[in-house]
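A.B. asks: Sequence plus the predicted model coming up.
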Amino acid sequence: MNKKPESQMDLYSIDKLMHETRQLAAKYHQTTGNTLPVTGEIARYDVAKALNLKLIDDQTLGFDALGEADGQEVRILIKGRVIFENSRSSARIGQVKPDGRWDDVVLVLFDDNYEPIEMYLATTEDIVAALENKSESKNKKRGAMSVAQFKIIGQLVWTQEAGLEQEIWDNHSN
């Protein structure tokens, strides 16, 4: 009996499920004005696929995926935000704690249909420097960062139009 490895067998079904999840989340938002809490999982899936990273199943580790740079393992935290056309407030990525559990953060931005538009990468050093500069502001939540600020400190690594902008990691894990 030739049994396909589970990862090959499930790839199409995962792609299809993610497509359906995007459609459902977009329709739900259009209908209710509220969002379904699926952006994080879609972001994990899209970043791993676009940047060829290995997703980590144990989300208690404090990072989402693994890559490799200069022969060293790189732990990547993945964040995602939908930028709704009619949004009046500035989008935030929430709290990012530079606690040593991750090396880089990838932020994926989605359109109203939960399709990825851009992905940005920031290192631990980028995040720490930005948070130190911001800590002088008294009414900002510690570790919270806006999408705009992340885009300033981060590096554009993927776009919907061009795909991967450049090689980020030397040897991607699968």
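C.D. replies: Received the coordinates, thanks.
A.B. asks: how about the strands of this protein, start to end?
C.D. replies: Taking DSSP state E as the test, the strands found in the chain are 54-55, 65-69, 72-82, 92-95, 104-110, 116-123, 144-146, 155-159, 163-164.
A.B. asks: mind listing what's buried in the fourth one?
C.D. replies: In terms of neighbour count (16 or more other Cβ atoms under 10 Å), strand 92-95 has its buried residues at Ile93. For glycine as for every other residue, the C-beta is placed from the backbone atoms N, C-alpha and C.
A.B. asks: By residue count, tell me the biggest helix in the chain.
C.D. replies: Of all segments of type helix in the chain, defined using DSSP state H, the longest is helix 6-32.
A.B. asks: coming back round to it: can you add mean pLDDT and distance to Gly40 and give the strands of the chain back as JSON lines?
C.D. replies: As requested, these are exported to JSON lines (pLDDT from 0 to 100; distance: least, Cβ to Cβ, whole Å):
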{"stretch": "strand 54-55", "mean pLDDT": "96", "distance to Gly40": "12"}
{"stretch": "strand 65-69", "mean pLDDT": "92", "distance to Gly40": "13"}
{"stretch": "strand 72-82", "mean pLDDT": "95", "distance to Gly40": "6"}
{"stretch": "strand 92-95", "mean pLDDT": "82", "distance to Gly40": "10"}
{"stretch": "strand 104-110", "mean pLDDT": "96", "distance to Gly40": "10"}
{"stretch": "strand 116-123", "mean pLDDT": "96", "distance to Gly40": "13"}
{"stretch": "strand 144-146", "mean pLDDT": "86", "distance to Gly40": "16"}
{"stretch": "strand 155-159", "mean pLDDT": "95", "distance to Gly40": "18"}
{"stretch": "strand 163-164", "mean pLDDT": "82", "distance to Gly40": "22"}
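A.B. asks: which one of the ones you listed is the most hemmed in?
C.D. replies: Mean neighbour count (mean count of other Cβ atoms under 10 Å) peaks for strand 104-110 among the strands of the chain, with a mean of 25.
A.B. asks: got the contact list for Phe110?
C.D. replies: Contacts were defined as Cβ atoms under 8 Å, 6 or more residues apart in numbering; by that measure Phe110 touches Thr39, Ile42, Ala43, Gly80, Arg81, Val82, Ile83, Pro116, Ile117.
A.B. asks: about what we covered before: right, so of the strands of the chain, which gets closest to Asn34?
C.D. replies: Distances from Asn34 to each of the strands of the chain were compared using Cβ to Cβ; the shortest belongs to strand 72-82, at 11.9 Å.
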